[in-house]
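K.L.:
Here's a sequence, model it:
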Amino acid sequence: MSTVRVRFAPSPTGYLHVGGLRTALYNYLFARKHHGAFVLRIEDTDRARFVEGAVENLIETLRWAGLDFDEGPGKGGGAGPYVQSERLTTYRNFAEELVVRGKAYWAFDTAEELEEMRKTREKMHLPPKYDRRALKLSTDEVRRKLDAGSPGVIRMKVPDGSAVRFDDVVRGRVEFSSELIDDQVLLKSDGYPTYHLANVVDDHLMGISHVIRGEEWLSSTPKHVLLYDFFGWNLPTFAHLPLLLNPDRSKLSKRQGDVAVEEYRKKGYLPEALINFVSLLGWNPGHEGEIFTLEQLISEFSLERVGKAGAVFNLEKLNWLNFQHLRRKPDTEVLEMLRSVLPGRGEEEFDDRYLLNVIAAMRDRVTFVADFVEKSPYFFRSSFDYDPEVVRKRWTPQAAARLNSFMAVIRTLSEPKKEDYEAALHGVADTLSVKPGDLIHPLRLALTGMGAGPGLFDILFILGKDESLRRIARALERLGS
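P.N.:
Prediction:
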C-alpha cells in the first residue's frame, strides 16, 4: 500500500457528535495501522453555522479521547493551512479554472427566482434540480454582470446521459445516474466555496489517500467523483461508514438521548470505554472479543471488517464497557480519579491507604468513578440517615442487645483486621445461639444506613474499630430497642 494519509474534517458548528468521534477514530486507527498520517482539517466555510470556541472544544475532545492528529490547526504540517476559511483564494482559482474548461458556469439567479424554479419543477414532478437557464447567458453577458458586481455563483456542469461509478471499500461498486445529480453550486456569491468544491480540492492538495466518512455523504460522492474527473486528478479510496441508530432503529438523534461526546465525558465515562464502544459501532474484529485498548484496536482494525448495516447505539453496552475498563485500571490511577470527585462534596480529607481500601471493596460494584461516593457515601461522611425500609425489615426487637454484645467483644480487640471482625461476629452469634445473619443485617444498617453493599467485614476494617463503635452506638441511640 502506498503512503496512507487520512483526514477528519469536522465543521465547527458546536459539539463533537459521537458519529464524528467514530469517523475520527476509524481514520486514526487506519492511519496508525498503516504507519500513515492522520490530518485534522476544519471545514468552516458555512459561516452561518459557525460556533465560536467550537474548534478549541473539538481539539480538546479529541485529545481527551486519545486521538492525537499529526497535522492540523496548532500543529502545522506541509499541506496547510488546515482551516478552510484561510484557503478562499485557492478555491476561487480552481472554480474559475473549471469555468475556463467548460466544466462549470456562472449563474446570477436571485433567491426568488430559484424558489419559483423549485415550485415549477415540483408541479411538473421533475427532480429538484437547477434548470440551467444561466447557460443561455453569452460570455459577454456574464462579463458585464461580473464587472457590474452582480451577485453570482459558479455551478458545476454535470454531463448529461451518463453514469457516475466508483468503488467503495464498505459498499462495493456504487453507481449514480447523472440525471439525478444537480448542477451543484461550487462557489457562493460571498466568495466562500461549498462543501463539495473545498472538500475535493483540499483532499487532493493534502494528498489524502483514503476518504473515510459517514454514510450520509454517500449521495454527495458522485459530485466529488465528477470534480476529480474534471480536474484530471486520481480518486482517493472511499469508505462510507454505516449509520448510527437509536434502539428503535431510527437515526441517532438528540431527541432520544445524548449525542455529544462532551456529555458522556461529563457523566463520567472513561475515554477508553467510549472509544472501545464506538469502535464496535459498525466494525467487528472477527472473533468474540469485545474489550479493547486503543493499541489493540490499532492492531486489529481493518476497513474490510466494517459492515453496511446500521449500528445500534446500546447504552447498556457502553455502561458495561465502562465497568470493565474501570475494573482493569490500576489502583493508583483509580485513586487519582476518585480524589478528583471528592472536592466540593463536604468530605473530610482521607489518606491514600483509606481510599485504596475503599476502592478494593467497591471496585466490582461501580460503573463510574463517582459511584464510589454515590453508592457508598458512608465511607466519606460519618452522619447519615437510615433507610426506613431496611429498618423495618432488619432492625428487630433483639437487634440492640445483639449489637451491644458485639460491641463488648470488639472493644477488647487491638488493631483488629478483617478476619478478627469476622471471628468476633461468629463468636457472638454462637454465644447467643443465633444465626450470623441476625447480627450481620442490623450491623450493616448501623454502619452504613443501607441494606446492601460490599462485605460487612471490609466495611468494619475500612472504618476502623473506633469509628465502627461510634456508629453502632449512634444507631442504638437513634433506633432504640
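K.L.:
Could you use CA atoms for every contact and neighbour count after this?
P.N.:
Noted.
K.L.:
From the contact counts, what lies against the strand or helix carrying Asn319?
P.N.:
Assigned by DSSP states H and E, Asn319 belongs to helix 315-328. The elements that helix 315-328 packs onto, with contact taken as 3 or more Cα pairs under 8 Å, 6 or more residues apart in numbering; DSSP states H and E, are helix 271-279.
K.L.:
and the following helix or strand past the helix it packs on, C-alpha only, in PDB?
P.N.:
Next helix or strand after helix 271-279 toward the C-terminus (DSSP H and E): helix 294-300. Provided in PDB are the C-alpha atoms of helix 294-300 (Å, rounded to 0.1, in the frame of the first residue of the first chain):
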ATOM      1  CA  LEU A 294      -6.600   1.700  21.700                       C
ATOM      2  CA  GLU A 295      -3.400  -0.100  21.000                       C
ATOM      3  CA  GLN A 296      -5.300  -3.400  20.500                       C
ATOM      4  CA  LEU A 297      -7.700  -1.600  18.200                       C
ATOM      5  CA  ILE A 298      -4.900  -0.300  16.000                       C
ATOM      6  CA  SER A 299      -3.500  -3.800  15.700                       C
ATOM      7  CA  GLU A 300      -6.900  -5.400  14.800                       C
END
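K.L.:
and helix 294-300, what other elements does it pack with?
P.N.:
By 3+ Cα pairs under 8 Å, 6+ apart, helix 294-300 packs against helix 18-33, helix 271-279.
K.L.:
okay, those helices in a markdown table with distance to Ser299 and mean neighbour count next?
P.N.:
Output for the helices and strands packed on helix 294-300, formatted as a markdown table (distance: least, Cα to Cα, whole Å; neighbours: other Cα atoms under 10 Å):
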| stretch | distance to Ser299 | mean neighbour count |
| --- | --- | --- |
| helix 18-33 | 6 | 23 |
| helix 271-279 | 13 | 23 |
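K.L.:
now these in a markdown table, with distance to Tyr195?
P.N.:
Formatted as a markdown table, the helices and strands packed on helix 294-300 follow (distance: least, Cα to Cα, whole Å):
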| stretch | distance to Tyr195 |
| --- | --- |
| helix 18-33 | 17 |
| helix 271-279 | 26 |
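K.L.:
Of all the ones you listed, which one is nearest Ser302?
P.N.:
For Ser302, the closest of the helices and strands packed on helix 294-300 is helix 18-33, at 7.0 Å, according to Cα to Cα.
K.L.:
which residues touch whichever helix or strand comes after that closest one?
P.N.:
Going down the chain from helix 18-33, the next helix or strand is strand 37-40, by DSSP H and E. Residues outside strand 37-40 that contact it (Cα atoms under 8 Å, 6 or more residues apart in numbering): 4-9, 27-28, 31-32, 69-73, 82.
K.L.:
Check stretch 382-390 too.
P.N.:
The contact list for stretch 382-390, computed with Cα under 8 Å, 6+ apart, reads Tyr378, Leu445, Ala446, Thr448, Gly449, Met450, Gly451, Arg471.
K.L.:
Share the number of residues neighbouring the third one, please.
P.N.:
So that's Ala446. Neighbour count for Ala446, taken as other Cα atoms under 10 Å: 27.
K.L.:
That one reaches Glu467, doesn't it?
P.N.:
No: between Ala446 and Glu467 there is no contact under Cα atoms under 8 Å: 11.3 Å.
K.L.:
Contacts only, for Pro81.
P.N.:
Neighbouring residues of Pro81 by Cα under 8 Å, 6+ apart: Gly72, Pro73, Arg87.
K.L.:
Output the below-cut-off pLDDT ranges for this protein.
P.N.:
1, 254-257, 343-348, 481 (pLDDT under 70).
K.L.:
Swap in 80 and give it another go.
P.N.:
Counting by pLDDT under 80, the chain has low-confidence residues at 1-2, 253-258, 343-349, 481.
K.L.:
and it, what are its domains?
P.N.:
88-241, 382-479 (automatic domain parsing).
K.L.:
Those: which one's closest to Arg41?
P.N.:
Arg41 sits nearest to domain 88-241 of all those, at 9.0 Å, using Cα to Cα.
K.L.:
From Ala424, how far out is the most far-flung residue of the chain relative to its centre?
P.N.:
Distance from the C-alpha centroid of the chain peaks at Thr431, with 57.8 Å (Cα atoms, centre = their mean). As for Thr431, its distance to Ala424 is 11 Å (criterion: Cα to Cα, to the nearest Å).
K.L.:
Next, count neighbours for Asn246.
P.N.:
If we define neighbours as other Cα under 10 Å, then Asn246 has 20 of them.
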